[in-house]
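[1] From the sequence below, what's the structure:
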Amino acid sequence: MNLKSNQHFPGRVALQQRVLPSYRAPFFDLLAQSCTGGLSVFAGQALEIENIPPAIALENAKLYPAENLHFSDPSSKFYLCWQKDIVDWLETTDPDVLILEANPRNISNWKVIQWMKERGRPVLGWGLGAPTLGGILAPIHGWNRRSYLLSLDGLIAYSQRGAKEYRNSGIPAEKVFVATNSVMRRPVESAPDRPSQIDNSAVVLFVGRLQKRKRLDILLKSCAELPKQIQPEVVVVGDGPARKEFESLAAKIYPRKEFVGAKFGAEAKPYFEMADIFALPGTGGLAVQQAMSYALPVIVAKGDGTQDDLVRPGNGWQVVPGNQPDFNETLAKALSDIPRLREMGLESYRIVTEEINLEAMVDAFVQAMISVEGGSVK
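    Next up, the predicted model:
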C-alpha cells in the first residue's frame, strides 16, 4: 500500500533505532509534529568503525539514549545487538504504536514485540527490504528473518523494491507500506534558471565525504577519457580521509578540477547553482536529493533500491557500481546533449517537490500507523 494523507496520528508513538544518524533528525522532528501524543525515539551509539555521525539531540521528538551491546561487527553475518533497558523505555513511554527496525539481528526487539502484543498494541517494522540471502547459513537466517517479519502488524519499506521483497517473503500486501526514503524537505525556492547551451565547459559536481568507497577516482578517470570538446570542470565539495589520495590522482590525470572542502547549508548553495550535473560514482548518496532540489540531473551508482524511486530515466542514470566503462559511456551521453540535460534537471526538481521529500515520508508513516492501529490483532 502507498497512501498519502495530511492527517495526524492520534496517540503516542515510540520508535526504536539501533543508532540515530544525524541526517535522520529532521525526519523524526517532523514526524513528531504529526503525532498528537508525541514521539519518543530510542537509539544507541554505533561502533567507531562504522563512522556514522550521530544526532546529539532532537527538537520536537524526545530522544531516549540507549546502551547498545554489540556482538561482532555490523558487517558480519553473525552480528547481533542487544539494547539495554528497552522495556523500561516502553513502560515509560506507554506507546499506542511502536515502530522498530525490521532487522532480527536487533535481538532485544523480540522482547518489545512481545510486550506490545500482550497489551494488544500494534508494531510496525521499518526497513530496506528482504533481499536474497547467500551462504551456507542462508536457510537459517531466512527462516529467522521471516519469523520476525511475520510477527509484525505491518512493514514500512524504504522503496518500491523493498516493498516487493517483503511481499515476496510472504508478507500480505495489505500489510506492506512504502515511505520512500528522503532526507530533504520539499523545496521552497524555484528551480534555478539555467541556459539551454553552455558557452564554455560544463560543471560536474560531486558532494560527499571523501572516502575510498565514494569512488571519486572513477569520475576523474572518466572525465580524462572524454573527448576534449566536452571535458567538464569538476568541482568536489567535501572532505575526508581519502582527500589527499584523490587530489594526487586528479593532479596527475585531470587538472580541470577544484577541491573546495566541506561546505554546508548556505555555503554549499553556490556550488549546486553553478553545476550542470551531479555525479556520485560510489556508495552513499545523501546529497543526491539536495542536488535534485537545485534542478540537477544525476548520475549515481546502483544501490540497495532506495535510488530506484529517486533516479529514473527522466532525470538521471544509475550505473553499475565500480564499472568504469559504464560510467564513461553515461557521462559522455549526458554532456553531449545540454538541452536534454536541462529537461532532466527540471524533472529532478519536480520529483523532490511533488513526490519524494520529508513531508511525503511523514504522510506515509502516519497512514501506516493509522492503518495498523485500526486493524491490529487484539
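[2] which regions of the stretch 251-378 of the chain sit below the pLDDT cut-off?
    Counting by pLDDT under 70, the stretch 251-378 of the chain shows low-confidence ranges at 304-305, 375-378.
[3] All the strands of it, in order from the start?
    For the stretch 251-378 of the chain, applying DSSP state E, counting those that start in this stretch gives strands covering 257-261, 277-280, 298-301, 316-319.
[4] Throw these into a markdown table and include distance to Ser201, thanks.
    Where you see a C-beta, it was placed from the backbone N, CA and C, and this is true even at glycine. Putting these into a markdown table (distance: least, CB to CB, whole Å) gives the following:
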| stretch | distance to Ser201 |
| --- | --- |
| strand 257-261 | 12 |
| strand 277-280 | 12 |
| strand 298-301 | 17 |
| strand 316-319 | 20 |
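[5] Can you name the helix or strand that Asp29 falls in?
    helix 25-32 (DSSP states H and E).
[6] Leu31 reaches Val362, doesn't it?
    Yes: between Leu31 and Val362 there is a contact under CB atoms under 8 Å: 5.1 Å.
[7] The residue nearest to Asn106 when sequence neighbours are not counted bridge partners, please.
    For Asn106, ignoring the flanking residues on the chain, the nearest one in space by CB to CB, 6 or more residues apart in numbering is Cys81 at 5.1 Å. Here Cys81 sits in beta bridges with His70, Asn106, going by DSSP bridges.
[8] just to revisit the earlier point, run me through the strand neighbours of whichever helix or strand comes after the helix holding Asp29, direction for each.
    Next helix or strand after helix 25-32 toward the C-terminus (DSSP H and E): strand 39-44. Here strand 39-44 is paired, per DSSP bridges, with strand 13-19 (parallel), strand 62-65 (parallel).
[9] And the strands in the stretch 1-150 of the chain, which stretches?
    Using DSSP E, counting those that start in this stretch, strands in the stretch 1-150 of the chain cover 13-19, 39-44, 62-65, 67-71, 80-84, 97-101, 123-127.
[10] tell me the mean pLDDT for the second one?
    So that's strand 39-44. What strand 39-44 shows for mean pLDDT is 97.
[11] what residues does that strand touch?
    With contact meaning CB atoms under 8 Å, 6 or more residues apart in numbering, strand 39-44 is reached by 12-20, 28, 31-32, 58, 60-68, 83, 86, 89, 93, 95.
[12] ok, back up a step: right, and the residue nearest to Asn106 touches Asn109 too?
    No: taking CB under 8 Å as the definition, Cys81 is not a contact partner of Asn109, at 9.2 Å.
[13] More neighbours: which of those two?
    Asn109 (26 against 22; other CB atoms under 10 Å).
[14] What separation do you get for that one and Asn181?
    Asn109 is 21 Å from Asn181, where distance means CB to CB, to the nearest Å.
[15] go on, Asn357?
    11 Å.
[16] for Gly127, same thing?
    For Gly127 relative to Asn181 (CB to CB), the value is 11 Å.
[17] same question, Gly322
    23 Å.
[18] for Cys81, same thing?
    The value you get for Cys81 to Asn181, if CB to CB is used, is 22 Å.
[19] can you check Ala43 too?
    Taken as CB to CB, the span from Ala43 to Asn181 is 18 Å.
[20] quick one: pLDDT of the closest residue to Arg243 other than its chain neighbours?
    Among residues not flanking Arg243 along the chain, Leu210 sits closest, at 4.4 Å (CB to CB, 6+ apart). At Leu210, the pLDDT value in this model is 90.
[21] how many neighbours does Leu210 have?
    22.
[22] can I assume it is in contact with Glu247?
    No: judged on CB under 8 Å, Leu210 makes no contact with Glu247 at a distance of 9.0 Å.
[23] quick check: domain ranges of the protein?
    For the chain, automatic domain parsing gives the domain ranges 13-183+357-375, 203-354.
[24] gap between the residue lying closest to Val97 once chain neighbours are set aside and Val311?
    Nearest non-adjacent residue to Val97, counting by CB to CB, 6+ apart: Met369, 4.9 Å away. Going from Met369 to Val311 by CB to CB gives 29 Å.
[25] Cys35 is in contact with Gln7, isn't it?
    No: the criterion here is CB under 8 Å, and Cys35 misses it with Gln7 at 11.0 Å.
[26] Tell me which of these two has more neighbours.
    Relative neighbour count places Cys35 above the other of Cys35 and Gln7, with 26 against 12, counting by other CB under 10 Å.
[27] and the more buried one, what does it touch?
    His8, Phe9, Gly11, Arg12, Val13.
[28] beta partners of it?
    With DSSP bridges as the rule, Cys35 is bridged to Phe9.
[29] roughly how far apart are it and Leu15?
    Cys35 is 10 Å from Leu15, by CB to CB.
[30] swap in Gly170?
    Counting by CB to CB - Gly170 and Leu15 are separated by 25 Å.
[31] What of Lys212?
    33 Å.
[32] who has more neighbours, the two?
    Leu15 (26 against 13).
[33] nearest residue to the more buried one other than its sequence neighbours?
    Per CB to CB, 6+ apart, closest to Leu15 is Ile99, 4.5 Å.
[34] Test my guess that that neighbour contacts Gln16.
    Yes: at 7.1 Å, Ile99 counts as touching Gln16 under the criterion of CB under 8 Å.
[35] picking that back up, what's the pLDDT at the residue nearest to Leu15?
    Value for Ile99, per-residue pLDDT: 98.
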